[in-house]
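[1] Following is a predicted model, sequence given first.
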Amino acid sequence: MDLGVGRIGDRDLGISAQEVVTGRTCVIAQSGAGKSWGIAVLCEHLCKSYIGFCLIDTEGEYFSLKDRFPIIWIGSDEDCDFDIETVDLYPVMRDAIVSSRQVIFDVSEVDMRAKATALVNILYELESELRKPFLLIVEEADKFIPQSRDSIKMIEEISRRGRKRGLGLLVATQRPSLVQKNVLSQCNNQIIGKLTIDNDLKAVAHFFNARKEVEELITLEPGQFFVMGGLVREKVMMKFGGRETKHRGVTPQISTVRPSPQMIPEENPVEAPEGEKKGRKAEIDLLERNEEEDDATRIRSGTPIEEDDTGSAVPTLIERDEALRIAQGFCKRSFWSRRYLERITVFERMYWPLIIVEVKYLGGILKKTTRKSSFILEGFHGERVDPGDGLRIHPGFRELIGLDETAVSILSVLSPAGLTDLEIEAETVLGPARVKKGIKLLLKQKLITTMKSEEGATVFVPLLAHPIPKLSGLHQTFRQKLIPLSGESRNPVITEDELRKILKGLEPSAEITRFKTIFYPVYEATIATGAGNRRLFLDGITGREVIGFPE
Ligand SMILES: Nc1ncnc2c1ncn2[C@@H]1O[C@H](COP(=O)(O)OP(=O)(O)OP(=O)(O)O)[C@@H](O)[C@H]1O
């Protein structure tokens with residue numbers, strides 16, 4: 001039997017139900033890449049095929065399956081079928097296995113390790129006796145089977161010996177590099193989506209034949225996954241299909257609207273209508289009603305953010321401990337003794353400002369067509385960046401900061417061979433006095449120098465390390481999840497007024513239509529080298545060194 005969980009182009013893709021239920025599968029992708037969506041689609045198909053499973057739900061996001069299917073919901077909510085603190089798990093799970101029922105084991109509000117340990121011990125014991133196909137699904141596996149002594153040994157045991165007992169295992173994680181290696185290596189089926197952190201790409205590289213395929217992971221869209229192993233005849237790239245029940249794993253949305261009295265229960269309690277249930281389902285319904293009203297003011301994952309919200313940040317993916325370990329790897333060691341010759345003296349996470357800029361200007365041969373450009377500045381240093389897959393720098397903007405319109409205009413017309421002052425006047429259509437002033441400023445900033453032409457005339461030659469960007473070539477959009485900023489942040493070095501001067505110098509008709517600051521996590525390390533200090537910046541999303549900024 002196949003479960004039609006996804007599509008390859010216009011074609012449906014079925015994956016082997018037998019393999020899912022009794023095999024060992026890993027679902028790996030970074031946050032927001034569609035793991036919980038995909039797992040929920042899989043669960044819907046298992047429900048429709050009357051296949052039993054138990055899902056350890058760490059975020060309390062799967063109970064909506066209950067809207068369509070007769071699932072047993074064990075958790076802390078008032079709507080739950082069993083209270084997780086008091087339930088007698090043994091008979092409930094025995095019944096679920098025997099009658100192929102589906103169970104959501106919601107540990108989102110309790111000590112998850114303790115509860116999960118109790119559950120997996122019982123499941124293993126029951127299956128040692130019953131030997132009926134049943135699937136254990138472990139969300140956020142890095143919390144339960146991390147690469148440390150804290151790993152729940154019974155999950156490791158199930159990964160090794162579950163199959164013979166009919167007990168399958170599906171583990172999901174955003175951080176494969178943090179999960180017990182021996183569990184991942186037991187996974188004969190793999191469903192792998194977008195990953196960008198180097199360590200995580202390395203951790204899954206052995207599942208692929210070619211480096212090119214591993215690099216392809218960086219470019220995948222939410223919902224797209226490589227499916228491999230016994231689940232399919234040959235490796236495919238598919239997109240999980242639509243959900244029948246509501247997806248609850250959405251990013252909380254920031255609202256700039258003052259909360260309505262309904263949303264402040266302490267001050268202004270709202271009586272639930274007669275007969276209406278309380279509990280999380282009812283709460284979420286209420287929030288959804290309010291969200292519908294506030295739609296226009298919300299930030300949605302993957303959609304442009306609103307103008308008037310402040311203090312939004314890209315969520316950090318690399319925890320401090322891991323970042324520190326990575327930074328340690330940058331410290332020099334003695335070749336012979338392996339002793340560290342450098343040491344980290346300061347290590348902190350800092351949010352750097354990213355400025356999202358949109359510009360309108362007149363383009364075309366006759367300069368009569370309105371054109372648009374957009375780009376992103378890393379506001380702490382003032383360099384243009386692409387934050388899609390970690391901070392990637394496009395150098396060439398920083399040197400313009402602090403210049404006025406005239407100086408930028410002169411720089412933008414200078415050819416590498418240089419121009420005389422008269423030629424500059426002709427190219428820029430600026431008067432002699434302004435050109436003289438601009439040249440003076442550029443000479444002072446060491447952005448141009450003077451040379452003699454063959455005819456003996458003085459020419460002004462640019463001293464720029466990188467070409468100046470052209471507005472017509474800037475079309476960058478920002479599409480990342482945002483959460484409220486919480487943590488230390490750096491101040492931007494550039495204001496909207498300063499940027500306006502630069503843009504006017506590049507294109508006199510340019511007008512800024514958007515100037516929006518959001519924040520991006522970077523770990524800053526100070527490393528004592530013996531000959532002074534050096535600075536290291538690590539990207540808080542990818543763990544890679546951020547290269548190209550001054551220390
Ligand atoms: N197959 C899909 N079809 C349509 N939309 C999808 C699909 N997969 C993901 N999405 C969209 O991407 C969003 C994020 O997906 P999801 O919540 O599953 O991410 P995740 O990998 O579980 O993230 P996290 O690990 O942070 O929980 C969803 O809210 C949904 O809007």
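    Ah, there it is.
[2] Tell me which residues touch Val461, please.
    For Val461, the contacting residues are Leu414, Pro416, Ala417, Gly418, Ile448, Thr449, Thr450, Met451, by CB atoms under 8 Å, 6 or more residues apart in numbering. Every C-beta, even on glycine, is put in place using the N, C-alpha and C of the backbone.
[3] For Ile376, see how far away it is.
    31 Å (CB to CB, to the nearest Å).
[4] Apart from its chain neighbours, what residue comes closest to the closest residue to the ligand within the stretch 101-250 of the chain?
    The ligand sits closest to Gly223 of the stretch 101-250 of the chain, with a gap of 2.7 Å, by CB to the nearest ligand atom. Nearest non-adjacent residue to Gly223, counting by CB to CB, 6 or more residues apart in numbering: Gly34, 4.2 Å away.
[5] returning to what we had before: identify those among the contacts of Val461 that sit within strands.
    Among the contacts of Val461, the members falling in strands (DSSP state E) are Ile448, Thr449, Thr450, Met451.
[6] Touching, Leu430 and Gly438? I think so.
    Yes. Leu430 is within contact range of Gly438, at 7.3 Å (criterion: CB atoms under 8 Å).
[7] Quickly list what's touching both of those two.
    Shared contacts of Leu430 and Gly438 (CB under 8 Å, 6+ apart): Thr406, Ser409, Ile410.
[8] The nearest residue to the first one once chain neighbours are set aside sits in which helix or strand?
    In this case it means Thr406. Closest residue in space to Thr406, ignoring its immediate chain neighbours: Gly438 at 3.9 Å, by CB to CB, 6+ apart. Gly438 is part of helix 432-444 when elements are defined by DSSP states H and E.
[9] State the distance from Val522 to Val546.
    Val522 is 6 Å from Val546, by CB to CB.
[10] which residues are common contacts for these two?
    Counting by CB under 8 Å, 6+ apart, the residues touching both Val522 and Val546 are Leu391, Phe537, Leu538, Asp539.
[11] of all those residues, which two lie farthest apart?
    Pairwise distances across these (CB to CB) peak at 10.3 Å, for the pair Leu391 and Leu538.
[12] Per-residue pLDDT of Thr297, please?
    At Thr297, the pLDDT value in this model is 32.
[13] whoops, I mixed them up, Gly364
    Per-residue confidence (pLDDT) for Gly364: 77.
[14] so what's it up against?
    Gly364 makes contacts with Arg371, as judged by CB under 8 Å, 6+ apart.
[15] rerun that using 6 Å as the cut-off
    With contact set as CB atoms under 6 Å, 6 or more residues apart in numbering, Gly364 has no partners.
[16] and if you look at Ile84?
    Per CB under 6 Å, 6+ apart, neighbours of Ile84: Ile74, Gly75, Ser76, Val110.
[17] So which of the residues you listed is the closest to the ligand?
    Relative to the ligand, the closest of the contacts of Ile84 is Gly75; by CB to the nearest ligand atom it sits at 17.6 Å.
[18] Beta-bridge partners for that closest one, please?
    Asp83 (DSSP bridges).
[19] residues near it, how many?
    By the criterion of other CB atoms under 10 Å, Gly75 has 27 neighbours.
[20] I'd assumed Ile104 was in contact with it.
    No. Taking CB atoms under 6 Å as the definition, Gly75 is not a contact partner of Ile104, at 7.2 Å.
[21] picking that back up, who has more neighbours, Leu430 and Gly438?
    Gly438 (26 against 19).
[22] Contacts only, for the more buried one.
    Going by CB under 6 Å, 6+ apart, Gly438 touches Thr406, Ala407, Ile410.
[23] Just the ones of those in strands?
    Using DSSP E, no member of the contacts of Gly438 falls in strands.
[24] in the protein, what spans have low per-residue confidence?
    248-310, 550-551 (pLDDT under 70).
[25] near the ligand, which residues of this structure?
    The chain comes close to the ligand at residues 29, 31-37, 174, 222-223, 239-240, 247, 249-250, as judged by CB under 6 Å from any ligand atom.
[26] State the number of residues packed around the residue of the stretch 351-500 of the chain found nearest the ligand.
    Closest to the ligand within the stretch 351-500 of the chain is Lys481: 8.2 Å, counting by CB to the nearest ligand atom. The burial count assigned to Lys481 is 15, neighbours taken as other CB under 10 Å.
[27] what about Leu536, helix or strand, and which?
    With DSSP H and E as the test, Leu536 turns up in strand 533-539.
[28] now that strand, how far from the centre of its chain.
    22 Å (CA atoms, centre = their mean, to the nearest Å).
[29] So which bits of that strand are buried?
    Leu536, Phe537, Leu538, Asp539 (16 or more other CB atoms under 10 Å).
[30] Mind giving me the packing neighbours of it?
    In terms of contacts (3 or more CB pairs under 6 Å, 6 or more residues apart in numbering; DSSP states H and E), strand 533-539 is packed against helix 320-328, strand 511-528.
[31] Show me what that strand is in contact with.
    Residues from elsewhere that reach strand 533-539 (CB under 6 Å, 6+ apart): 323, 326-327, 330, 390-391, 522-527, 546, 551.
[32] quick check: angle from that strand to helix 320-328?
    Taking axes from the mean of the first three to the mean of the last three CA atoms, to 10 degrees, one finds strand 533-539 and helix 320-328 inclined to each other by 130 degrees.
[33] Strand 511-528 and strand 533-539, what's the angle between them?
    Using the same axes, to 10 degrees: strand 533-539 against strand 511-528 is 130 degrees.
[34] Met238 should be in a strand, yeah?
    Yes. Remark: Met238 belongs to a strand, assigned using DSSP: H, G, I helix; E, B strand; the rest coil.
[35] For it, give me its contacts.
    Counted by CB under 6 Å, 6+ apart, Met238 has contacts Gly6, Ile8, Leu13, Val227.
[36] Neighbour count and secondary structure added to those residues, as CSV?
    Listed next are these as CSV, based on neighbours: other CB atoms under 10 Å; DSSP: H, G, I helix; E, B strand; the rest coil:
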residue, neighbour count, secondary structure
Gly6, 25, strand
Ile8, 13, strand
Leu13, 21, strand
Val227, 24, strand
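[37] and the two most separated of these?
    For those, the farthest-apart pair by CB to CB is Ile8 and Val227; their separation is 9.3 Å.
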